[in-house]
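K.L.:
structure of the sequence below:
(2 chains)
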Protein chains: 2
Amino acid sequence: MMSKIRILQAIVAGLTYLLALLTKVVVSQKGRPHQQKSAEEEENERFGLSWRVAVEANNVCPWRTVPPRCYHHLQNYMCAGQYERDLNLVVEHILIYASQIQLSSDGMDAWILDVDDTCISNVSYYKAKRFGCEPFDSTIFKAWIMKGMCPANPAVRLLFNTLKERGFKLFLLTGRDQATLSAITTHNLHTQGFVGYQRLILRSPEYKGQGAVKYKSAIRKEIEREGYRIWGNVGDQWSDLQGECSGKRTFKLPNPMYFIS
Amino acid sequence: MMSKIRILQAIVAGLTYLLALLTKVVVSQKGRPHQQKSAEEEENERFGLSWRVAVEANNVCPWRTVPPRCYHHLQNYMCAGQYERDLNLVVEHILIYASQIQLSSDGMDAWILDVDDTCISNVSYYKAKRFGCEPFDSTIFKAWIMKGMCPANPAVRLLFNTLKERGFKLFLLTGRDQATLSAITTHNLHTQGFVGYQRLILRSPEYKGQGAVKYKSAIRKEIEREGYRIWGNVGDQWSDLQGECSGKRTFKLPNPMYFIS
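P.N.:
Numbering: from 1, shown residues only, chains lettered A, B, ... in the order given. Below you'll find the model as predicted:
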């Protein structure tokens, strides 16, 4: 009888051990980022991915807000590292391209960089607007800008410094209003490490109300008229990169949160 | 003593039941697409995502093969539904754009469509080439093409038919060699439901060896010279969409597997 009890005790001990082991596996799986999602969440995730790729390839017709079902995808994309990874990879390829350029000694080799969500980031503002799922609010946005607290995109700051060291003349070209935002923009860029550029160009009264493509084309044309060769043009909006004198090569930085025509 | 044994038996039964339950949970979790990935697999997955987005936005410098670490990401992307989802979303937006166009009654409203991996698909060939991680093999590719078995991209066939019904004149413009591939391409397109187009244009001897941008620009220029208005231009390569007379609006279909300059 005693031996029977011992056998049963051994079985119980063995089963308890297996149980503990299995519990550990289940708990560790539950704790992972890939927890089970509902069918709707999976569907929204896939749609968000499609939306983002379509936006980056400029396939989406002009849009005012991000489809609400993309919210969780964009939140994850913007805040969990993938956005930075995407930025880093693009900058890596810009630097490969730049390294192949033979600069002349006349100091007229130029590069255009956009400001908002290129050099410095407005993700903080857009976070509060559900990453673009809620409409743009110009008053709140201006208040945010006026703080002068937009952080640098580190990858773009690295690009900026590398291009500058190689001898490119850097033109920062922004749709921000010259009359009201010139001082704070200069300050913000400076505190974030963007120093030593050739020129910061903001939207002067004569370009007020114009679309970005028209305004930025006119400025680039002027830069080329001065004799500069625009080797590269980097922005987060397709409207930074389209139109005349767009540069020998353009690069579209990721931005699935808003669209400027 | 007997009651002790009964208690132990009950414990064993209970533990066995729990064990079975937990085993079921673990097995069902293992069967899900989101199984545990190694840190390296996670890293490659994220890189694959960045790579794909960079390619679609035309940020990657000319490339011959896909980085090998993207293989699993691309395999999953091309074969598990996301590629079709991406195609569907782009076609949805093309149709929104097309629906806003006022066609004239002169029959000169035109649309350009690329053939390979736009109308019809070569994914079968690329599957055997690890989705572009292995170099392009022109002999094997030609043998594949000569079968005339490229399946339609259903989303693009829907686009084709919708544009045709709306009255657009459809021009299929391909870099395929006219002398050797004209008959099989016509046949393949026909069996896959691409009928009623205005013209299928293959690469004639005078364009042999020319880059896609130059060749396709020359053909589009000719089409415009005939009096056609090119409202839209759809292809899976940026070289389908760049250059002269590119159309009032271009759309880049997804293709992370190869690059044609």
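
K.L.:
for the rest of this, base every contact and every neighbour count on C-alpha atoms.
P.N.:
OK.

K.L.:
model confidence over stretch A:206-222, on average?
P.N.:
In this model, stretch A:206-222 carries a mean pLDDT of 98.

K.L.:
pull the CA atoms of that stretch into PDB?
P.N.:
Extracted in PDB, the C-alpha atoms of stretch A:206-222 (Å, rounded to 0.1, in the frame of the first residue of the first chain):
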ATOM      1  CA  GLU A 206       4.300  87.300 -51.700                       C
ATOM      2  CA  TYR A 207       3.900  83.500 -51.400                       C
ATOM      3  CA  LYS A 208       1.100  83.600 -48.900                       C
ATOM      4  CA  GLY A 209      -1.800  81.300 -49.800                       C
ATOM      5  CA  GLN A 210       0.200  79.500 -52.500                       C
ATOM      6  CA  GLY A 211       0.400  75.700 -52.600                       C
ATOM      7  CA  ALA A 212       3.600  74.200 -51.400                       C
ATOM      8  CA  VAL A 213       4.700  72.900 -54.800                       C
ATOM      9  CA  LYS A 214       4.400  76.300 -56.400                       C
ATOM     10  CA  TYR A 215       6.000  78.200 -53.600                       C
ATOM     11  CA  LYS A 216       8.900  75.800 -53.100                       C
ATOM     12  CA  SER A 217       9.500  75.500 -56.900                       C
ATOM     13  CA  ALA A 218       9.800  79.300 -57.100                       C
ATOM     14  CA  ILE A 219      12.300  79.400 -54.300                       C
ATOM     15  CA  ARG A 220      14.400  76.500 -55.800                       C
ATOM     16  CA  LYS A 221      14.300  78.200 -59.200                       C
ATOM     17  CA  GLU A 222      15.700  81.300 -57.500                       C
END
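
K.L.:
close to chain B, is it?
P.N.:
No: Stretch A:206-222 is not in contact with chain B by Cα under 8 Å from any Cα of the partner chain; minimum separation 14.7 Å.

K.L.:
which residue ranges of the stretch 51-200 of chain A form helices?
P.N.:
A:71-79, A:82-99, A:123-128, A:138-146, A:154-166, A:178-191 (DSSP state H, counting those that start in this stretch).

K.L.:
just how off-centre is the longest one within its chain?
P.N.:
The chain centre lies 11 Å from the centre of helix A:82-99; the measure is Cα atoms, centre = their mean, to the nearest Å.

K.L.:
pull the number of nearby residues for A:E92.
P.N.:
Neighbour count for A:E92, taken as other Cα atoms under 10 Å in any protein chain shown: 17.

K.L.:
picking up where we left off before, so which of the helices of the stretch 51-200 of chain A is nearest chain B?
P.N.:
helix A:82-99 (4.9 Å; Cα to the nearest Cα).

K.L.:
show me what the closest one is packed against.
P.N.:
Here helix A:82-99 touches helix A:154-166, helix B:39-56, going by 3 or more Cα pairs under 8 Å, 6 or more residues apart in numbering or on different chains; DSSP states H and E.

K.L.:
so for the shortest one, mean pLDDT?
P.N.:
Put plainly, it is helix A:154-166. 98.

K.L.:
next, the angle helix A:82-99 makes with that helix.
P.N.:
With axes from the mean of the first three to the mean of the last three Cα atoms, to 10 degrees defining the directions, helix A:154-166 sits at 10 degrees from helix A:82-99.

K.L.:
and the contacts of helix A:154-166?
P.N.:
When contacts are defined by Cα atoms under 8 Å, 6 or more residues apart in numbering or on different chains, helix A:154-166 is touched by residues A:84, A:87-88, A:91, A:94-95, A:98, A:118-119, A:170, A:193-194, A:196-197.

K.L.:
please repeat the previous calculation with a cut-off of 6 Å.
P.N.:
A:88, A:119 (Cα atoms under 6 Å, 6 or more residues apart in numbering or on different chains).

K.L.:
do stretch A:205-223 as well
P.N.:
A:239, A:243-245.

K.L.:
by neighbour count, which of these wins?
P.N.:
Most crowded among these, counting by other Cα under 10 Å, is A:S239 at 21 neighbours.

K.L.:
same for the host helix or strand of it, what does it pack against?
P.N.:
Here A:S239 is covered by helix A:238-241, with elements defined by DSSP states H and E. If you count contacts as 3 or more Cα pairs under 6 Å, 6 or more residues apart in numbering or on different chains; DSSP states H and E, helix A:238-241 packs onto no helix or strand.

K.L.:
near chain B at all, the very next helix or strand once past that helix?
P.N.:
Using DSSP H and E, the helix or strand that follows helix A:238-241 in sequence is strand A:249-252. Yes: judged by Cα under 6 Å from any Cα of the partner chain, strand A:249-252 comes into contact with chain B at A:F251.

K.L.:
and the average pLDDT for strand A:249-252 is what?
P.N.:
On average, strand A:249-252 scores 98.

K.L.:
adjacent strands (with direction) for that strand?
P.N.:
strand A:229-235 (parallel) (DSSP bridges).

K.L.:
what does the partner strand contact?
P.N.:
Applying Cα under 6 Å, 6+ apart, the contact partners of strand A:229-235 are A:109-114, A:118, A:247-253.

K.L.:
which bits of the stretch 51-200 of chain A sit near chain B?
P.N.:
So the stretch 51-200 of chain A meets chain B at A:53, A:56-57, A:59-60, A:86, A:93 (Cα under 6 Å from any Cα).

K.L.:
TSV please, covering these and showing distance to B:E206, neighbour count and pLDDT.
P.N.:
TSV is the format used below for these (distance: Cα to Cα, whole Å; neighbours: other Cα atoms under 10 Å in any protein chain shown; pLDDT from 0 to 100):
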residue	distance to B:E206	neighbour count	pLDDT
A:V53	36	26	98
A:E56	35	23	98
A:A57	32	24	98
A:N59	33	21	98
A:V60	36	22	97
A:D86	41	23	98
A:H93	34	17	98
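
K.L.:
my read is A:I223 is in a strand, agree?
P.N.:
No: under DSSP: H, G, I helix; E, B strand; the rest coil, A:I223 falls outside any strand and is assigned helix.
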